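Enquirer: Have a look; sequence and predicted model below, questions after that.
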Amino acid sequence: MRQVVSKVAEAADAETLRQRIEALAPWFHNIDIDGISTAPDHFLGDYPAGKFARFASVLPSDLSGKTVLDIGCNAGFYSFEMKRRGASHVLGIDSDERYLAQARLATEAFGFDGVEFGKLSVYDVATLGQKFDLVIFMGVFYHLRHPLLALDLIREHVAGDMLLFQTMQQGSSDVMEVPADHPFFMPGTAEPPAYFDDPAYPKMHFIEREFAHDWTNWWAPNAACSQAMLRAAGFTVERTPEPDVYLCRTAPVPYAQHGPAAAYPTKGAPR
Ligand SMILES: C[S@@+](CC[C@H](N)C(=O)[O-])C[C@H]1O[C@@H](n2cnc3c(N)ncnc32)[C@H](O)[C@@H]1O
């Protein structure tokens, strides 16, 4: 009899969970919460698990004692994966309350400690007043009107060591060597440099209206541009496990001797 009662209680719990998941739909992250898939019909398949499987091995398998900031965390897929690797504290931030509610529901169902989610724009990371061992900045860059500012702010205020970065890219995947100082005219000629038209030159494609029916897609760098912008913000690319995924480390910020590259959204924030 007791077994029958507990089975009934379990079924009621599962139904409540299913209703809570449904109430927060649509989900962009497909997460398995107690056997319920949050986005089983995702247009990219099992997303982001399928994508993560292709680059998971470049991240440390043991993050014990490490802190992680997941910027644009959505429903928290990457935050949860980092917690599973032992991170001592994971903070996910996003500008969208519904996604944060999804992340909190999943956290509650998984029973994770040390994983928090908060509403914060990438432009306001200085207010965190803390650096993190690993910053995850996946799938947000091209949604921003001011992507280089975001990278500068991340480098200045929250990047302590590693940055996991992903962006939509368009154009050539070739990367050309670019002179450190561009001449007005090619040596011995009256011609301006022709290499600016080379598809492998760092290029940021501006999207004035929509990309794939999404007006929040503002930019699409080519591969050379992603890498150049990361370097310009003070990151060195260590691994490119996928054409659009970059594992970076903090490096000296070019021209830092002339002052900070990023604006300071809060005066007196700890540095
Ligand atoms: C394409 S999703 C990527 C989600 C997740 N990082 C991934 O790679 O699967 C973009 C996410 O960035 C968030 N976002 C957009 N603009 C943001 C901003 N200014 N600050 C923080 N998050 C932002 C969106 O709400 C959304 O959750």
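Expert: Looks like it came in fine. Residues are numbered from 1 along each chain as shown.

Enquirer: can you pull the contacts of the closest residue to A262 other than its chain neighbours?
Expert: In space, and not counting its chain neighbours, A262 is closest to D152: 3.4 Å by CB to CB, 6 or more residues apart in numbering. Where you see a C-beta, it was placed from the backbone N, CA and C, and this is true even at glycine. By CB atoms under 8 Å, 6 or more residues apart in numbering, the contact set of D152 is A233, P260, A261, A262.

Enquirer: Quickly check those residues for the two that are furthest apart.
Expert: A233 and P260 (11.6 Å; CB to CB).

Enquirer: if we can go back for a sec, the host helix or strand of the residue nearest to A262 near the ligand anywhere?
Expert: D152 belongs to helix 147-157 when assigned by DSSP states H and E. No: applying CB under 6 Å from any ligand atom, one finds helix 147-157 separated from the ligand by no less than 7.3 Å.

Enquirer: For the stretch 101-250 of the chain, list the residues in contact with the ligand, please.
Expert: S121, V122, Y123, M138, G139, V140, H143, L144.

Enquirer: between A233 and P260, who's got more neighbours?
Expert: Ranked by neighbour count (other CB atoms under 10 Å), A233 and P260 place A233 first, with 27 against 14.

Enquirer: My guess is that one contacts P252. True?
Expert: No: between A233 and P252 there is no contact under CB atoms under 8 Å: 11.2 Å.

Enquirer: Now do the strands in the chain.
Expert: With DSSP state E as the criterion, the chain has strands at 32-33, 36-37, 67-71, 89-94, 115-119, 132-138, 159-166, 204-206, 219-221, 235-242, 245-250.

Enquirer: helices and strands around the third one, which ones?
Expert: What it means is strand 67-71. Judged by 3 or more CB pairs under 8 Å, 6 or more residues apart in numbering; DSSP states H and E, strand 67-71 is in contact with helix 77-84, strand 89-94, strand 132-138.

Enquirer: and the residue of the stretch 151-271 of the chain nearest the ligand?
Expert: Nearest to the ligand, among the residues of the stretch 151-271 of the chain, is Q166, at 6.1 Å (CB to the nearest ligand atom).

Enquirer: Tell me the spacing between the closest residue to that residue other than its chain neighbours and L100.
Expert: Counting by CB to CB, 6+ apart, Q166 lies nearest to M138, which is 4.2 Å off, once chain neighbours are set aside. From M138 across to L100, the span is 16 Å (CB to CB, to the nearest Å).

Enquirer: Go through stretch 200-217 and flag the buried ones.
Expert: The neighbour-count check on stretch 200-217 (16 or more other CB atoms under 10 Å) flags A200, Y201, P202, K203, M204, H205, I207, F211 as buried.

Enquirer: what comes into contact with the lengthiest helix in the chain?
Expert: Longest helix in the chain by number of residues, with DSSP state H as the criterion: helix 2-23. The contact list for helix 2-23 (CB under 8 Å, 6+ apart) reads W27, I33, D34, G35, I36, T38, L105, A109.

Enquirer: could you give the mean pLDDT of it?
Expert: For helix 2-23, the mean per-residue pLDDT is 82.

Enquirer: rewinding a little: the residue nearest to Q166: neighbour count?
Expert: M138 has 22 neighbouring residues, counting by other CB under 10 Å.

Enquirer: contacting residues around it?
Expert: Applying CB under 8 Å, 6+ apart, one finds that M138 lies in contact with P48, G72, Y78, L164, F165, Q166, V245.

Enquirer: Would you mind checking which of those residues is nearest to A223?
Expert: Among these, V245 lies closest to A223 (CB to CB), at 11.2 Å.

Enquirer: wait, isn't the closest one in contact with L163?
Expert: No: counting by CB under 8 Å, V245 does not reach L163; the two are 11.2 Å apart.

Enquirer: Mind checking which of those two has more residues around it?
Expert: When V245 and L163 are compared for neighbours, L163 comes out ahead with 29 against 19, by other CB under 10 Å.

Enquirer: contacting residues for the more buried one?
Expert: Per CB under 8 Å, 6+ apart, neighbours of L163: L134, V135, I136, F137, I154, L230, F235, Y246, L247, C248, R249, T250.

Enquirer: Kindly recompute the last result at 10 Å.
Expert: Going by CB atoms under 10 Å, 6 or more residues apart in numbering, L163 touches 69, 71, 132, 134-137, 151, 154-155, 230, 233-238, 246-250.
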